[in-house]
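Trainee: the following block contains a protein sequence and its predicted model.
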Amino acid sequence: MIKKIFVYSLLIVFLLQLNPPVYSQSSSPTIRWYDWSEEAFKKAKSENKPILLNLTTTWCHWCHVMDQEAYEDEEVIWLANQMFVPIRVDADQRVDVNERYNMGGWPSTVFLTPQGNVLVGSTFLTAEEMRLSLPNIIDLYQKKGEEFDKTKNNENILFGKALQQQIESSENEDFAPSFIDKIMASLLISTDDLHGGMGERDKSPIPEVTEFLFLLSEVSSDEKVKRVLRQFLEGQNKLFDSVAGGFFRYTDKRDWTEPQYEKLLSTNAFLLRDLIWGKTQLDREEDILLIDRTLDYLKKNLWDKPLGGFFGSQNSDLTIRTSGLNQKEQSVRIPGKVYYSYSEAERAELGVPLVDRHVFTDSCSQIVSSLLEGARKNSDAELGKIALRAVDFLQKTLFAKGLGMKHGFPATDKPLFSLKDQVWYLKALLDAYEYSQNKKYWNDFITLLPIVERQLGTPEGVFYDFSEEETAFGNLKRREVPLVENCLMARIYLKVFRMKGKEVYRNKSKAILNFFAPRYQQYSFFSAAYGSALIDWFYPMMKMKIVGKPNSEQLRKLTNEAFKLPGNRIDFEVLELEDARKELEPLGIQLLEKSNPQIVICVGEKCLTPESSPEKLLVQFELAQNMVRAEVLT
């Protein structure tokens, strides 16, 4: 096989000599790309040229193909430089541009007016398609550019007015427990009973769906929920790289085979969470090896051990440098489909695909929450330390006083503040506080929360996706109210309400749920995020009050036993004996007189008798689960 790799590489090098790519010759022309900037838009307006927007990523296979083929074609280069203002955007770093202009995948090839309105767009285009398209785009712009701008500008104004009307008129809308059943019914319609997952074409993990199914399986005895969940887990597990570990992003095939070979931190964070929950909640012992190997992959490839953060992605393809027959250094790209067919030894001979060494707040926060879940369920203190270091890294490097969490590290010249970054970091802070009981995480949380409310919130209680910019161009002038992140914020408010008992947080959660009540069904599979928030609202959360001497070995052991219980809908709180007495004795709960640590499990205002035996804790937990299923709140 090593010989096969050598022959394959040599063949590429030979072909490069026959027809050297433009990028390998420093004297060859290239597209003069601009950043998404005031300079680029001013140039487009002053020269009356349309904009060619290339949305790309470091990890995307087809982005690399388009770079090598279409964007190295001499005719395309000439047309792009002479007739357009070409703008190139890294979609991971400029998530706002990606959110407003993505055409359904990467690369996205979008043609804009100088005002930033879309003329037409596509995803991957071949060199021939680009040669044919570019003159037609020029013709379209010259004939109908002004008309496009007038129409799109009016649409943006109407969109903003309509959204504001929706926000202002939503306060009297009602949501009900029946919505949970409706969401499950809609998912069942789209479920692939043969291969698992949603739909019957390409397949990808949908973490909002699996989380909803996990939560619903805890409060419902309907076996269909667990059946659909198991099918989904078995399908997405096929995305696992059996050689190096970690999960690929998605697949074009219904049966989850032949994946796209990039590995994203966010994908691995959510699938690690699903593996951990599946092992504990569904007794999927077969997932233990996948959990260990996913953790090994993350620590080996995406963990920045010196600083503590986690990098965002690993490339699908391997690029190697080699000297050709003319002794000039050339780049040889081995597609992921080829590279990932090799054995471990063969891959080691070639090297590993590039890791993008940017840390992004949203995905790094997501892996923090998953690692803390693993630390709890497996009593893995070292994993907990890694997760807490990542939280500390984010706070130190990306928190901007009075503004919130910046998107990425290293930060760009113009920091970006998105709702997605804020809510996932808020969740990570709550998870870190609950796991460690270190009040610094709670203090960071209560510092950030009002900033997010001020920067991104509306008077009516829902949240925009990005902070407002006076100098924004094109579609970035428009702000939207995203379902998934708002539902996560609603759940965060509910958790704080359960922790502190302040009704104001429950009311804030209610305002978000009210807003989406008449429109959650518009969001297809992602309505599952709304379903998860409704479960948190209508079904009481189990609360584990762990009573004992702080930092004692006995308390630590009992806490670890509580963490390992198979439920996910549990709030944990550590109390000293006297504080616990003040809280529980008015409810009729008499704590054990012994100095040994003990646990009191509560569901709503009802609490079970204290228990100090780890062996009997599971029995109490099962009693509490039945209490949860029997009680639906209003």
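Mentor: Now that the structure is in, tell me what you want to look at.
Trainee: okay, now the closest residue to residue 138 other than its chain neighbours: neighbour count?
Mentor: Computed as CB to CB, 6 or more residues apart in numbering, the closest residue to residue 138 that is not its neighbour in sequence is residue 83, at 5.3 Å. The C-beta positions use only the backbone N, C-alpha and C, and glycine is treated the same way. Residues lying near residue 83 (other CB atoms under 10 Å) number 17.
Trainee: again with residue 412
Mentor: The number of residues near residue 412, taken as other CB under 10 Å, comes to 14.
Trainee: wait, it touches residue 93, no?
Mentor: Yes. The pair residue 412 / residue 93 is scored as a contact, 6.2 Å apart, by CB atoms under 8 Å.
Trainee: tell me the confidence at the residue nearest to residue 138?
Mentor: pLDDT for residue 83: 98.
Trainee: tell me who's in contact with it.
Mentor: The contact partners of residue 83, by CB atoms under 8 Å, 6 or more residues apart in numbering, come to 49, 50, 134, 138.
Trainee: mind checking the SS state of residue 602?
Mentor: strand (DSSP: H, G, I helix; E, B strand; the rest coil).
Trainee: mind checking how far the residue nearest to residue 138 is from residue 52?
Mentor: Using CB to CB, to the nearest Å, residue 83 is found at 9 Å from residue 52.
Trainee: give me the common contacts of the two.
Mentor: Common contacts of residue 83 and residue 52, defined by CB under 8 Å, 6+ apart, comprise residue 134.
Trainee: flag the shaky bits of the stretch 51-200 of the chain, pLDDT-wise.
Mentor: Along the stretch 51-200 of the chain, the model assigns pLDDT under 70 to residues 161, 170-173.
Trainee: what about the strands in it?
Mentor: Ranges of strands within the stretch 51-200 of the chain are 51-56, 85-90, 108-112, 118-122, based on DSSP state E, counting those that start in this stretch.
Trainee: elements contacting the second one?
Mentor: Right, the one you point to is strand 85-90. Identification of packing neighbours for strand 85-90 by 3 or more CB pairs under 8 Å, 6 or more residues apart in numbering; DSSP states H and E yields helix 38-47, strand 51-56.
Trainee: start to end distance for stretch 547-556?
Mentor: 11 Å (CA to CA, to the nearest Å).
Trainee: for stretch 166-185, same thing?
Mentor: Across stretch 166-185, first to last residue, CA to CA, it's 26 Å.
Trainee: near residue 178, how many other residues are there?
Mentor: 9.
Trainee: report pLDDT for residue 501.
Mentor: 92.
Trainee: helices or strands up against the lengthiest helix in the chain?
Mentor: For the chain, the helix that runs over the most residues, judged by DSSP state H, is helix 127-169. Helices and strands touching helix 127-169, by 3+ CB pairs under 8 Å, 6+ apart, are helix 74-83, strand 108-112, strand 118-122.
Trainee: of the ones you listed, which is nearest residue 341?
Mentor: Within the helices and strands packed on helix 127-169, the stretch nearest residue 341 is strand 108-112; the backing value is 28.4 Å (CB to CB).
Trainee: so what strands line up beside the closest one?
Mentor: strand 51-56 (antiparallel), strand 118-122 (antiparallel) (DSSP bridges).
Trainee: residues making contact with it?
Mentor: 50-55, 66, 84, 91, 98, 101-103, 118-125, 130, 137, 141, 474.
Trainee: pull the CA atoms of it into CSV?
Mentor: Taking Å, rounded to 0.1, in the frame of the first residue of the first chain, the C-alpha atoms of strand 108-112 are listed here in CSV:
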residue,chain,number,x,y,z
SER,A,108,-20.8,29.3,-1.9
THR,A,109,-20.3,31.4,-5.1
VAL,A,110,-22.5,34.5,-4.8
PHE,A,111,-22.8,37.5,-7.1
LEU,A,112,-23.8,40.8,-5.5
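Trainee: so the residue nearest to the spatial centre of the chain, which state does it fall into?
Mentor: When CA atoms, centre = their mean is applied to the chain, the residue found nearest the centroid is residue 266 (4.7 Å). Secondary structure assignment for residue 266 (three-state DSSP): helix.
Trainee: separation between it and residue 175?
Mentor: Taken as CB to CB, the span from residue 266 to residue 175 is 28 Å.
Trainee: same check, this time on residue 43
Mentor: Residue 43 is 49 Å from residue 175, by CB to CB.
Trainee: burial count for the closest residue to residue 477 other than its chain neighbours?
Mentor: Once flanking residues are discounted, residue 477 sits nearest to residue 156: 6.6 Å by CB to CB, 6+ apart. Here the number of neighbours of residue 156 (other CB under 10 Å) works out to 15.
Trainee: what about residue 156, distance to residue 534?
Mentor: 32 Å.
Trainee: before we move on, what about residue 197?
Mentor: Applying CB to CB to residue 197 and residue 534 gives a distance of 23 Å.
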